[in-house]
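Visitor: below are the sequence and a predicted model; questions follow.
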Amino acid sequence: MSAAIEVRGLSKRFGAVVALEDVALRVEFGRVVGFLGPNGAGKSTLMRALLGLVRPDNGAAHIAGLPYAHLTAPAKRVGAVLDIASAHPRMTARAHLRTYAALGGMARSRVDTVLSLVEAQSYADRRIGTFSTGMRQRLALATAMLGDPDILVLDEPSNGLDPSGIAWLRTFLRRFADAGGAVLLSSHVLHEIEHTIDDVILIDHGRTVWTGALEQLVTKDAPLEEAFLRLTQKGPLS
Amino acid sequence: MNVIHGEVARLRATGVPLWSALIALACGGGLTLLLALTGPQNAQPPMPDIDTPEGVGFVLGIGTVLLFVPALIGTVAITSEYRHRTIGTTFLVVPRRGRVLTAKLTVYTVLGIVYGTIVSLSALLALIVASWMRGVPLGVDPADLTPALIQLSLAAAAYMLLGVGIGALARSPLVAIGIVLGYFMFAEYILMLIPGINAIYPFLPGGATASLTSFDFLTDAIASQTALAPATVASPVLGASVLVAYAAAAAILAVIAPLRRDLT
């Protein structure tokens, strides 16, 4: 069986800037994988290359064994949150979701399903321009879930969520993986993500620095934050 | 079909059809009513009144000066996808970008035709109303205006496609709007003032439109204010061909330009 996500030898430059250099990673079904790295490490670029939004210079990025653009119905296989600002402020949340449901050939009934899933029914008919960051984040998650995918690629999905929202997201991701789904999750909130993930992929300066199970990286006395700082050569906090 | 359905849903949800219809009414019916009521004979230079075929032609033809408006609508609609960063989500749902852009072109061509039809019909209605209010008979049987009104509708669709192409290429709303306004409100008129260069006027979008609608008021007005020979307009068939060529070039540009672009 193919891995949910497999990246091999991925490289990308933007002019003189090396964004990714020979990056490899693998995400299995049934796992939540924390994709970590400092600002500018290349996390967002890799996620965008994985999803066909950025063309890599070298290497391959496959989802369930195929490049994203070759998937028969990509939105029904992969849900992605890359940019919470990605919504027209004049649209209502419901209209936004209906637009993408229509584009992806999803049943219109999915709109109410995902609104209920992210607990956004109360503001479904409000214009997105009036939304808080947390509301936008939930809408982005709802958009990702429209196609009922079994793979999620989430770039800092907890940004702007209140504590109950973060708790809800943690439970949601755990259930998603336990039901056989795969999650690639980037976040800078290490103490929060530590309770959600099974595996860790750490990149820095566009290169893979560490990959493996969470328990191999952290101990009771040395939490994820300390391991992160050690591996990215910034040393532990004094 | 899913992609076209989605683009229609997006268009409706952002209120573009409603705003376009209101703008078309103002540019067609509003402008025509104003001109027909005040009387073309009061224009500078004075033109024949609406009780002559020339006067009716002038009142309808002046609407072509506002054809940059559908170009602006097309430009704003496309660039707003980049401004609000929705283009990334769209390409996630439909990764074959050519399909998305072809669907957008289809939808905006139809919108352009609807826009032009509203402009044409409201202008005709305004002419009839003004003629009735002033007690002046129209110089042309309204039924005989059908070809001119169809030409205006198709020209509006071509301009909307031009706007879509410019928007897809520029991506920034300000840059794209600047190009549309700068070209249609300044650059083309300046080119008409340059001796020798004004010979290419029939092959510019504005000149092609003037050829298509046989509206040479602007070229004559510029010639009357300068020592220049008036820029010529070509036959309606050549005008239509040039406009179609511009629209096709804009459509090809709109599809090809975003195909290989990185969305960061």
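Guide: Structure's in. What do you need? Note that the structure is predicted; figures quoted are calculated from it, not measured.
Visitor: interface residues of the stretch 51-200 of chain B facing chain A?
Guide: Applying C-beta under 8 Å from any C-beta of the partner chain, we find that the stretch 51-200 of chain B lies next to chain A at B:80, B:84-86, B:88-96, B:100. (Glycine included, C-beta is placed from N, CA and C.)
Visitor: buried among these? Make that a PyMOL selection.
Guide: The PyMOL command for the buried members of those (criterion: 16 or more other C-beta atoms under 10 Å in any protein chain shown) is given here:
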select buried, chain B and resi 80+84+85+86+88+89+90+91+92+93+94+95+100
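Visitor: run a quick neighbour tally on A:Lys76.
Guide: 17 (other C-beta atoms under 10 Å in any protein chain shown).
Visitor: ok, now how distant is A:Gly212 from A:Leu36?
Guide: Separation of A:Gly212 from A:Leu36 (C-beta to C-beta, to the nearest Å): 12 Å.
Visitor: okay if I get the residues of the stretch 51-200 of chain B next to chain A as a markdown table plus distance to A:His191 and secondary structure?
Guide: Converted to a markdown table, these look like this (distance: C-beta to C-beta, whole Å; DSSP: H, G, I helix; E, B strand; the rest coil):
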| residue | distance to A:His191 | secondary structure |
| --- | --- | --- |
| B:Ser80 | 39 | helix |
| B:His84 | 33 | coil |
| B:Arg85 | 30 | coil |
| B:Thr86 | 33 | helix |
| B:Gly88 | 30 | helix |
| B:Thr89 | 30 | helix |
| B:Thr90 | 35 | helix |
| B:Phe91 | 34 | helix |
| B:Leu92 | 30 | helix |
| B:Val93 | 34 | helix |
| B:Val94 | 38 | coil |
| B:Pro95 | 36 | coil |
| B:Arg96 | 41 | coil |
| B:Val100 | 40 | helix |
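Visitor: nearest to B:Thr32, out of the residues of the stretch 51-200 of chain B next to chain A: which one, please.
Guide: B:Ser80 (29.7 Å; C-beta to C-beta).
Visitor: return the per-residue confidence for the closest one.
Guide: Note on B:Ser80: pLDDT of 91.
Visitor: same deal with the one 4 residues further on?
Guide: The confidence metric pLDDT takes the value 91 at B:His84.
Visitor: swap in A:Met135?
Guide: A:Met135 is assigned a predicted lDDT (pLDDT) of 92.
Visitor: with B:Phe217 instead?
Guide: Value for B:Phe217, per-residue pLDDT: 61.
Visitor: now swap in A:Arg174 and tell me
Guide: A:Arg174 is given a pLDDT of 94.
Visitor: that one - that's part of a helix, no?
Guide: Yes - counting by DSSP: H, G, I helix; E, B strand; the rest coil, A:Arg174 is part of a helix.
Visitor: how about the nearest residue to the closest residue to chain A within the stretch 101-250 of chain B, chain neighbours excluded?
Guide: Nearest residue of the stretch 101-250 of chain B to chain A (C-beta to the nearest C-beta) works out as B:Ala103 at 8.7 Å. Using C-beta to C-beta, 6 or more residues apart in numbering or on different chains and skipping the chain neighbours, the partner closest in space to B:Ala103 is B:Val3 (4.0 Å).
Visitor: and that neighbour, which of the three is it?
Guide: helix.
Visitor: that one and B:Ala168: what is the separation?
Guide: On the measure of C-beta to C-beta, B:Val3 and B:Ala168 end up 16 Å apart.
Visitor: same drill for the two, tell me which one is more crowded.
Guide: Taking neighbours as other C-beta under 10 Å, B:Val3 and B:Ala168 compare with B:Ala168 leading, 28 against 23.
Visitor: neighbours around the closest residue to A:Met145 other than its chain neighbours, how many?
Guide: Distances taken as C-beta to C-beta, 6+ apart place A:Val114 nearest to A:Met145, at 4.7 Å, with adjacent residues excluded. Residues lying near A:Val114 (other C-beta under 10 Å) number 24.
Visitor: ok, A:Val114 to chain B distance?
Guide: Distance from A:Val114 to chain B, counting by C-beta to the nearest C-beta, to the nearest Å: 14 Å.
Visitor: what about whichever strand or helix holds that residue, average pLDDT?
Guide: Here A:Val114, judged by DSSP states H and E, is contained in helix A:109-117. The average pLDDT within helix A:109-117 is 96.
Visitor: list of residues touching it?
Guide: When contacts are defined by C-beta atoms under 8 Å, 6 or more residues apart in numbering or on different chains, helix A:109-117 is touched by residues A:93-94, A:97-98, A:101, A:121, A:124, A:142-143, A:145-148, A:172.
Visitor: run the angle between the strand or helix carrying A:Arg170 and helix A:109-117 for me.
Guide: Under the criterion of DSSP H and E, A:Arg170 resides in helix A:163-178. Orientation of helix A:163-178 against helix A:109-117 (axes from the mean of the first three to the mean of the last three C-alpha atoms, to 10 degrees) gives an angle of 120 degrees.
Visitor: remind me what helix A:163-178 packs against, helices and strands.
Guide: Other elements packing on helix A:163-178 under the criterion 3 or more C-beta pairs under 8 Å, 6 or more residues apart in numbering or on different chains; DSSP states H and E are strand A:32-36, helix A:133-145, strand A:182-186.
Visitor: quick one, that helix and strand A:32-36 angle?
Guide: Using the same axes, to 10 degrees: helix A:163-178 against strand A:32-36 is 120 degrees.
Visitor: check contacts around the residue in chain A that chain B sits nearest to.
Guide: The nearest approach of chain A to chain B comes at A:Leu103, 3.1 Å away (C-beta to the nearest C-beta). Taking C-beta under 8 Å, 6+ apart, we find A:Leu103 in contact with B:Asn2, B:Val3, B:His5, B:Gly6, B:Glu7, B:Ala9, B:Thr90, B:Val93, B:Val94, B:Val100.
Visitor: now swap in A:Met135 and tell me
Guide: Shown here is A:Met135, whose contacts under the criterion C-beta under 8 Å, 6+ apart are A:Ala93, A:Ala120, A:Tyr123.
Visitor: of those residues - the most surrounded one?
Guide: A:Ala93 (27 neighbours).
Visitor: that residue touches A:Ala142, doesn't it?
Guide: Yes - using C-beta atoms under 8 Å, A:Ala93 is in contact with A:Ala142, at 7.4 Å.
Visitor: thinking again about what came up before, buried ones in the helix holding A:Arg170?
Guide: Neighbour counts using 16+ other C-beta under 10 Å place A:Gly165, A:Ile166, A:Trp168, A:Leu169, A:Arg170, A:Phe172, A:Leu173, A:Arg174, A:Phe176, A:Ala177 of helix A:163-178 among the buried residues.
Visitor: same thing with stretch A:38-46?
Guide: By 16+ other C-beta under 10 Å, the buried positions in stretch A:38-46 come out as A:Pro38, A:Ala41, A:Gly42, A:Lys43, A:Ser44, A:Thr45, A:Leu46.
Visitor: which of the residues you listed fall in helices?
Guide: Using DSSP state H, A:Lys43, A:Ser44, A:Thr45, A:Leu46 are the members of those that sit in helices.
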